[in-house]
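1. Fold the following and give me the result.
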Amino acid sequence: MLTDYHNHLETGTLTLDYLKKFTDEAKAKGIGQFGISEHAYHFYQTADILQNPWVNERRYYDMKDYVNLFHEAWSHEIDVKMSIEMDYTPGKHAEMEAFIKSYDFDYVIGSIHWVDDFGIDLKEYIHEWEKRDLHEVYRNYFQQVVTLAESNLFDIVGHLDLVKIFKYIPKEEEFLLEQYDKATTALANSKTCVEISTAGLRKPIGELYPDKRLLQMCFDKKIPIVLSSDAHFPEHVGADYDQALVLAKEVGYKEIMTFSKGERKILPLG
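-> So this is what the prediction gives:
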């Protein structure tokens, strides 16, 4: 079994024709379960969860249109999971929970792109890395992973160590391992799975998410995994899965988690 649960339509259109380009690519690559998980900040219905100038310029979808697209796909017997990728926002647990429960998602991805007002993975904010204390950013980032896990709102945590995207990484291994340990301990005590994401190979870091040491901690603490490409274009669906499978098996994984309307099933890893 292969999954690709983390994918976006935002560079195209919320139309069946564009969606089919993704699902056709998934089928061609032998991906057994495929899902779309558009960024929640694009939707008017999340205005009470995340607000900042960068996000507000990109809020232009209505959830009604999104849900209708999936119903149209299902009516054409297109096998696609309906999901959302939500920016985990501290202090907004009630609002996030209300939004999540309002829709019949197959699963929900929680991700961290913002540390306070700092968009850690955005080119528009890259200059901020030189202005900020690297250790403080990492501490705050992984503390948010802890509270994301403790919220138990999410089925999957996206790109677990996204914070490394621009190669700003503390040199002290002891410090890094401390952050990894606290994050994985919290995840192990939650329902949240970890994705192995190939998206990092297409970013400046040029590595899979998560780091092998971090993924090893996930395995050792019995945290389930899924595979994802975080494709924003059809051609990136299932990209570089050979490398993801090698990493998963090197640390010991032999199984993968699957989702359907909130129900979970563990299957052998393809």
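2. all contacts plus neighbour counts: C-alpha atoms, from now on.
-> Will do.
3. Grab the CA positions of the helix or strand hosting Ala26 and hand them over as PDB.
-> Assigned by DSSP states H and E, Ala26 falls within helix 16-28. The C-alpha trace of helix 16-28 is given here as PDB (Å, rounded to 0.1, in the frame of the first residue of the first chain):
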ATOM      1  CA  LEU A  16     -13.000  18.200 -11.800                       C
ATOM      2  CA  ASP A  17     -10.800  18.500 -14.800                       C
ATOM      3  CA  TYR A  18      -7.900  19.800 -12.700                       C
ATOM      4  CA  LEU A  19      -8.500  17.300  -9.900                       C
ATOM      5  CA  LYS A  20      -8.400  14.400 -12.400                       C
ATOM      6  CA  LYS A  21      -4.900  15.400 -13.400                       C
ATOM      7  CA  PHE A  22      -3.800  14.600  -9.900                       C
ATOM      8  CA  THR A  23      -5.900  11.400  -9.500                       C
ATOM      9  CA  ASP A  24      -4.700  10.100 -12.900                       C
ATOM     10  CA  GLU A  25      -1.100  10.700 -11.900                       C
ATOM     11  CA  ALA A  26      -1.700   8.900  -8.600                       C
ATOM     12  CA  LYS A  27      -3.300   5.900 -10.400                       C
ATOM     13  CA  ALA A  28      -0.400   5.800 -12.900                       C
END
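4. contacts for the next helix or strand after it?
-> Counting by DSSP H and E, the element after helix 16-28 in chain order, helix or strand, is strand 33-39. Here strand 33-39 makes contact (Cα atoms under 8 Å, 6 or more residues apart in numbering) with 1-10, 23, 26, 79-87, 108-109, 258.
5. Now go through the residues you listed and say which are in strands.
-> Counted as lying in strands by DSSP state E, out of those, are Thr3, Asp4, Lys81, Met82, Ser83, Ile84, Glu85, Met86, Asp87, Val108, Ile109, Thr258.
6. so how far is Ala199 from the second one?
-> In this structure, Asp4 and Ala199 are separated by 12 Å, where distance is defined by Cα to Cα, to the nearest Å.
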